[in-house]
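Visitor: Fold the following, please.
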Amino acid sequence: KDLEALRKVFDGLILYGYHESSTPRILAVAKTLKFRAVLLGIWEVKSADEIDGVAKLARQHQYNFALAVRVGNEGIAFNRYESEDLTIAVDRLRRHLPKGIPITTSEPMKGYGMSKVVRELGDFLAPNIHPVFHQPKLSIADAAAWAREEAMELGRELKKPVLLQETGYAHGGRAKCSVANQTAFWKAYLKPGHLTWSGDRWHCFSSAFEAFDLPWKAQASGLPVEKHWGFFSVDRKPYPALDVWKKYSE
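Guide: Reported below is the predicted structural model:
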């Protein structure tokens with residue numbers, strides 16, 4: 001039912017990890033619902049089982065979706081693993097991954113300054129750029145423009161295409177975060193288009209953060225805002241921001 005709700009507007013999925021009992025099922029249902037693209041995720045980069053499971057799933061579905069694999073997410077910035085762990089994981093993954101499936105990792109902007117491996121790893125960049133945390137004083141429109149420009153500047157600096165994996169505006173839990181401002185952010189963010197050509201590479205702004213409100217994230221982090229990012233409530237009721245994406249997806 002989650003995937004059915006998403007498919008009415010979106011045709012791609014970004015996953016954050018692999019679990020043997022759920023991730024294969026997600027892709028099987030996504031195939032039935034005719035999703036077009038999946039960014040597979042490896043959360044525990046030191047887990048051989050997770051790496052091998054993602055590689056197996058990629059081989060199984062290489063002709064069903066446009067696929068890519070993200071190895072790790074914010075692990076350097078938040079000290080969950082070290083640069084060498086990423087290198088080892090990517091080496092293992094590439095031995096089993098079909099040729100032509102691109103690889104990346106993801107960090108907030110500070111993570112790219114902390115590790116040469118992060119800057120050089122993979123075929124494209126997938127940063128997380130959140131003005132709610134890093135530019136809270138900006139107007140909503142300026143926050144949207146800032147997120148896009150930060151992504152493009154990173155691409156220019158590192159000479160790689162960019163998928164801005166995470167950005168957005170929460171609809172509660174923090175000053176200025178409201179349903180109205182979440183909607184206004186996405187209107188400003190999407191107005192310049194899903195794709196920007198910078199002269200020698202594409203920058204992609206087609207990722208919507210995030211699918212559903214997740215109360216457990218607020219409990220785990222102690223930050224009330226973390227349960228208010230969704231385009232849908234926990235019972236799949238859409239917020240007005242979803243209509244913005246629907247308009248730009250038509």
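Visitor: contacting residues around A77?
Guide: Residues near A77 by C-beta atoms under 8 Å, 6 or more residues apart in numbering: 107-108, 110-111, 114. In short, each C-beta sits where N, CA and C put it, glycine included.
Visitor: Just give the nearest non-adjacent residue to it, would you?
Guide: Distance criterion C-beta to C-beta, 6 or more residues apart in numbering; nearest residue to A77, sequence neighbours excluded, is G111 at 3.9 Å.
Visitor: Surely the one you found and N73 touch.
Guide: No. With contact defined as C-beta atoms under 8 Å, G111 does not count as touching N73 (9.8 Å).
Visitor: who's more crowded, those two?
Guide: Neighbour count, other C-beta atoms under 10 Å: between G111 and N73, N73 has more, with 25 against 21.
Visitor: Quick check: the gap between the residue nearest to that one when sequence neighbours are not counted and Q62.
Guide: Spatially, and ignoring its direct neighbours in sequence, N73 is nearest to S106 (4.7 Å; C-beta to C-beta, 6+ apart). Between S106 and Q62 the computed distance is 22 Å (C-beta to C-beta, to the nearest Å).
Visitor: who's in contact with the residue nearest the centre of the chain?
Guide: Nearest residue to the geometric centre of the chain (C-alpha atoms, centre = their mean): Q165, 3.3 Å. Counting by C-beta under 8 Å, 6+ apart, Q165 makes contact with 14, 39, 70, 106, 126-128, 207, 209.
Visitor: pretty sure K31 contacts Y63?
Guide: No. Taking C-beta under 8 Å as the definition, K31 is not a contact partner of Y63, at 10.4 Å.
Visitor: So which of those two has more stuff around it?
Guide: The residue with more neighbours, out of K31 and Y63, is K31; 14 against 8, by other C-beta under 10 Å.
Visitor: What's the local residue count around the closest residue to the more buried one other than its chain neighbours?
Guide: Counting by C-beta to C-beta, 6+ apart, the nearest residue to K31 once its immediate chain neighbours are dropped is N64, at 5.1 Å. N64 is flanked by 15 other residues according to other C-beta under 10 Å.
Visitor: N64 falls within a strand, correct?
Guide: No. Counting by DSSP: H, G, I helix; E, B strand; the rest coil, N64 falls outside a strand, being coil.
Visitor: what's the closest non-adjacent residue to W216?
Guide: Distance criterion C-beta to C-beta, 6+ apart; nearest residue to W216, sequence neighbours excluded, is K227 at 7.9 Å.
Visitor: Starting from E44, give me the distance back to that neighbour.
Guide: For K227, the distance to E44 - C-beta to C-beta - is 24 Å.
Visitor: Next, give phi and psi for A208.
Guide: phi -110, psi 120 (degrees, to the nearest 10).
Visitor: which residues sit in contact with it?
Guide: Contacts of A208 by C-beta under 8 Å, 6+ apart are 10, 168, 186, 231, 245.
Visitor: what's around the fourth one, how many residues?
Guide: This points to F231. Neighbours around F231, by other C-beta under 10 Å: 27.
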